[in-house]
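Student: heads up, no residue letters with this:
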Ligand SMILES: [Ca+2]
Ligand SMILES: [Ca+2]
Ligand SMILES: [Ca+2]
Ligand SMILES: [Ca+2]
């Protein structure tokens, strides 16, 4: 086998990997195990780092949270995307009060739930003084997660949790940002929906610096397969 033929045989593999690329979808978890300060509007802000290519966009976001707390009705939770969109997941369940369980919001302990648009149960509809965790399973946030759709997932997501009433307190044990992304046009390296020489030079620059975005074959190596995959995608154009 001559060395000039071997690379050609690898092309279909590279291209099939490119076609199925969903590069940075997956779970981005932190396990800070930090206290949420009692009766503090500032609360805690936890960054969740996501690295993605410029052409990658959010198709869905879920957030799994594990919080130990002695009075769930004290809690307010928001999630901010790298683009600056802020969604309220929870804002003192049981407040405003409808008579039950009382003026201090939902009592009872703990939250072990995934906030998602793909369910039928609003998080704040779960209000029990006997069940632990009070908020569990798959629940709908106060504002829809699809507000993040089509944004770039790249950068720092910010999870903010505050406790807004005295006496009872708790801790954030774990948070997992569950991202699904699309690569709308992988060769559009600059993310401006045009294919031109700027995309080629941006790719070559990223390739030279061995940036993750230039690893088109997603194998951790930077070689001719990435260049040929990029050029093939560039030649194929954008949808
Ligand atoms: Ca509320
Ligand atoms: Ca409290
Ligand atoms: Ca471009
Ligand atoms: Ca590669």
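Tutor: Yes, it's here. Remember, it's a predicted structure, so these values are computed and weren't measured experimentally. Ligands and ions are numbered 1, 2, ... in the order given.

Student: how does the chain divide into domains?
Tutor: Listed domain ranges for the chain are 6-21+186-236, 26-183 (source: automatic domain parsing).

Student: ok, is the last one in contact with ligand 3 or not?
Tutor: Read that as domain 26-183. No. Remark: domain 26-183 sits outside contact range of ligand 3, by C-beta under 5 Å from the ion, the gap being at least 8.3 Å. Backbone N, C-alpha and C define where each C-beta goes, glycine included.

Student: angles on the backbone of residue 214, please.
Tutor: Residue 214 has phi and psi values of phi -90, psi -10 when expressed as degrees, to the nearest 10.

Student: can you map out the helices along the protein?
Tutor: 6-19, 197-208, 224-236 (DSSP state H).

Student: could the domains of the chain be laid out in a markdown table, adding mean pLDDT, distance to ligand 2 and mean neighbour count?
Tutor: Rendered in a markdown table, the data for those read as follows (pLDDT from 0 to 100; distance: least, C-beta to the ion, whole Å; neighbours: other C-beta atoms under 10 Å):
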| stretch | mean pLDDT | distance to ligand 2 | mean neighbour count |
| --- | --- | --- | --- |
| domain 6-21+186-236 | 78 | 41 | 16 |
| domain 26-183 | 94 | 4 | 18 |
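
Student: looking at the ones you listed, which is closest to ligand 1?
Tutor: Closest approach to ligand 1 among those (C-beta to the ion): domain 26-183, 4.4 Å.
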